[in-house]
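J.: Predicted coordinates and the sequence they were generated for:
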Amino acid sequence: MSTPSFLPGVAADAVLAALARAPGSELASGKFDSPESSAALAVNAFGWFLDRPRSMLPLPGVPMGLPVALKIEAELRFPWSGGRHPWLDALITTATTLVGVESKRYEPFRPAKATGFSEAFDSRDWGPGMARYTALRLALTQGRQSYRCLDAVQLVKHAYAMRTQGVKRNLGAVLVYLHAAPATWASGKPVSRDAIARHEAEIADFARQVKGDDVTFVALRWADLLADWARIPALVAHAAAVSARFGPL
């Protein structure tokens, strides 16, 4: 297994250690080396900040404050011990807020989104502050709500874990859905414009349904994030390197 090539300034050893801890075997399976890898995009973009978290200003449009700590491939645990717990691409901590970042690149335009929740979610009272997420979970479980491009089941699970850890750490919680709208696959074949439009519509619908709950949901485009970084002198080179490696997002 060859060692991946990371962008300049990325803390390679720390990134490799984080990838080794996370499930999914991104490195061993070769998925990380795929030209369509979402993990490679996320760890190269956020891995640059691992040893300089204060260089990352608040993400555009995200109520969070100045970052003081950052993890990549971060596990957030539910309020129980067994079973699987969510892993987010990045976890940013500020003085007031815990910000979880779920990154997507090509995944929304592929099939096979999750459709179910374990019984543990039904046995837990998530409280009135998560009533909208819970209503959406029940609608997804009962088949009254469905999404074709958006992995809403994953996002609801992430929100419950964010709420659990936010309360534990006495911090507010924000779930950021960082997504792309690539015009083509790595092969050069066009990505369906109808699928891109449907994905955007589903994001907006999800955001509307959970607005006002204790875990704030914010959708952010990769293109907008990189444009924001490109306006910051200290981040211009990094933003350009991400764009050069991964192309239009």
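T.: Perfect, thanks for sending it.
J.: Shouldn't residue 116 be within a strand?
T.: No: read with DSSP: H, G, I helix; E, B strand; the rest coil, residue 116 is coil and lies in no strand.
J.: tell me the contacts of it?
T.: 141, 153 (CB atoms under 8 Å, 6 or more residues apart in numbering). C-beta here means a position set from N, CA and C on the backbone, and glycine is covered the same way.
J.: Could you measure from it over to residue 67?
T.: To residue 67, residue 116 is 34 Å away according to CB to CB, to the nearest Å.
J.: One more: residue 59?
T.: Using CB to CB, we find residue 59 at a distance of 9 Å from residue 67.
J.: What of residue 7?
T.: 19 Å.
J.: swap in residue 149?
T.: For residue 149, the distance to residue 67 - CB to CB - is 30 Å.
J.: Could you tell me which residues make contact with the closest residue to residue 107 other than its chain neighbours?
T.: Distances taken as CB to CB, 6 or more residues apart in numbering place residue 38 nearest to residue 107, at 6.1 Å, with adjacent residues excluded. The contact partners of residue 38, by CB under 8 Å, 6+ apart, come to 89, 103-107.
J.: average pLDDT for the helix or strand containing residue 18?
T.: Per DSSP states H and E: residue 18 is located in helix 12-21. The average pLDDT within helix 12-21 is 86.
J.: Export only the CA atoms of it, formatted as CSV.
T.: C-alpha atoms of helix 12-21 as CSV (Å, rounded to 0.1, in the frame of the first residue of the first chain):
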residue,chain,number,x,y,z
ALA,A,12,0.5,14.1,6.7
ASP,A,13,1.4,11.9,9.8
ALA,A,14,-1.6,13.2,11.7
VAL,A,15,-3.9,12.7,8.8
LEU,A,16,-2.6,9.1,8.2
ALA,A,17,-3.2,8.4,12.0
ALA,A,18,-6.7,9.7,11.8
LEU,A,19,-7.5,7.7,8.7
ALA,A,20,-6.1,4.6,10.4
ARG,A,21,-8.4,5.0,13.3
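J.: Can you tell me how far residue 173 is from residue 108?
T.: For residue 173, the distance to residue 108 - CB to CB - is 23 Å.
J.: Following element in sequence after the lowest-mean-pLDDT helix or strand in the chain, please.
T.: Ranked by mean pLDDT, DSSP states H and E, the weakest helix or strand in the chain is helix 26-29, scoring a mean of 53. Moving toward the C-terminus from helix 26-29, the next helix or strand (DSSP H and E) is helix 38-47.
J.: Fine by me, we can end here.
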